[in-house]
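1. Just the structure for this:
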Amino acid sequence: MGGFAIPLLLCYTILSTSIPSTTPTDTITPTQTTRVNDTVVSASGITELGFFTPSGKPNHWYLGIWYKKISTRTVVWVANREIPLTDSLGILQLTQEGNLQLVNSSGSIIWSSNVSRPVQNPVAQLLDTGNLVVREGNDTNPENFSWESFDFPTDNLLAGMKFGRNLKSGLDRYLTSWRSTDDPAPGNFTYRLDPRGYPEQFILRSRDTVQFRSGPWNGLRFSGLNFMLVPNPVYTFGFVFNQEEVYYYFELVNVSVLTRVVLNPSGLIQRFTWVDRIRGWVLYTSAQKDNYDTYVLCGTYGSCNINRLKKLNVFIYWFGTPTIFLTLSSCT
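-> Presented below is the predicted three-dimensional model:
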């Protein structure tokens, strides 16, 4: 996705009680436990795994992954979205069989990776991409990971993730919005890839009402997302469609540039890019360009007339330079 940027800092700012570990490492073994005041840091120090408390829920602890090197803590994955820890005595552990488990102070397991294939010598590792994986201790081949958080995204699509379905196993990788900006519980919106016929992306409200459709994949792009035709310096993208898998993915052109796709609590799909100069996330592009990108908003026999538009005087910035304005179209 590419296009323009808006200086809207719509990322989730988190207040956390986490204290950086005195001996950071990127791995967890069955002989270790990760407590609320510990963190796991990826090899190059790009991402971090630990516990956080949202600003609106000071007595709730969640296990999450965020970017370590930026000033605004931005959580991009959450393990225990529906069942938070209610005190600071919980632990994350890796079992001898290779299951990650989040255990509360009463000894109850409130979240587990539920690995079905036992691992002989398990190691959990946080990668620089933000992917938390469980693997055999001496096997770093991604094809052999027994579990990875990239298979279970929350509201963020990151570089290297597969957005779509494994037709052989039935695994469906899709996004679910937060309930609100300070509540990571599953919200009202999901963003999925429909593999039937010519695959397309769509947003569902309350699980069954279509809110937005991208148009089918035409071999070059999703037909309703014109910005995919414009080359950009931030990322490349691809689409895999065969008998075993169907998924969209993107890769970074420069690994030092952070960009992510987010399904926000209002049901908008937006790509943000981190800009060091302003020390914040800027909106790079949005799937819904105006209010009439909402599915069937004009009714069964209505049509959207972009020529009968209303101009909204909001300055749009391309990394600091005002260029255009937003538009709202009308139905006919």
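
2. Run through this protein and note the low-pLDDT ranges.
-> Confidence mapping of the chain against pLDDT under 70 gives the ranges 1-24, 227, 229, 289-332.

3. In it, which residue is most central in space?
-> For the chain, residue 156 is the residue whose C-alpha lies nearest the centre (Cα atoms, centre = their mean; 1.0 Å).

4. quick one: which helix or strand includes the nearest residue to it once chain neighbours are set aside?
-> Nearest non-adjacent residue to residue 156, counting by Cβ to Cβ, 6 or more residues apart in numbering: residue 76, 4.1 Å away. The C-beta positions use only the backbone N, C-alpha and C, and glycine is treated the same way. For residue 76, the host element (DSSP states H and E) is strand 75-78.

5. max-length strand in the chain?
-> Once the chain is assigned using DSSP state E, the strand that runs over the most residues is strand 183-194.

6. Return the distance of the following helix or strand past it from the chain's centre.
-> Heading C-terminal from strand 183-194, the first helix or strand you meet, by DSSP H and E, is strand 200-205. Offset of strand 200-205 from its chain centre (Cα atoms, centre = their mean, to the nearest Å): 15 Å.

7. Was I right to think residue 200 contacts residue 222?
-> Yes. Judged on Cβ atoms under 8 Å, residue 200 makes contact with residue 222 at a distance of 6.1 Å.

8. and for the two, which residues touch both?
-> Both residue 200 and residue 222 are in contact with 214-216, where contact means Cβ atoms under 8 Å, 6 or more residues apart in numbering.

9. Correct me if wrong: residue 100 contacts residue 91.
-> No. Residue 100 sits out of contact with residue 91 when judged by Cβ under 8 Å, with a separation of 11.2 Å.

10. of the two, who's got more company?
-> Between residue 100 and residue 91, residue 100 has the larger neighbour count (other Cβ atoms under 10 Å), namely 23 against 17.

11. Now do the same contact list for that one.
-> Contact partners of residue 100, counting by Cβ under 8 Å, 6+ apart, are 28, 79, 92-94, 112-113, 115, 124, 132, 134, 147.

12. Just the buried residues of these.
-> Neighbour-count burial (16 or more other Cβ atoms under 10 Å) applied to the contacts of residue 100 gives 28, 79, 92-94, 113, 115, 124, 132, 134, 147.

13. quick one: which of these sit in strands?
-> The members of the buried ones among the contacts of residue 100 that map onto strands under DSSP E are 28, 92-94, 124, 132, 134, 147.

14. what sits opposite the residue nearest to residue 79 when sequence neighbours are not counted in the beta ladder?
-> Excluding the flanking residues, the one nearest residue 79 by Cβ to Cβ, 6+ apart is residue 63, at 4.1 Å. Counting by DSSP bridges, residue 63 forms beta bridges with residue 51.

15. what separates residue 63 from residue 98, distance-wise?
-> 17 Å (Cβ to Cβ, to the nearest Å).

16. just the strands in the stretch 201-332 of the chain please.
-> Secondary structure of the stretch 201-332 of the chain (DSSP state E, counting those that start in this stretch): strands at 209-216, 235-241, 245-252, 259-263, 269-275, 280-286, 304-312, 317-318, 321-322, 326-331.

17. Go ahead and confirm the residue nearest to residue 156 touches residue 129.
-> No. Using Cβ under 8 Å, residue 76 makes no contact with residue 129, being 10.3 Å away.
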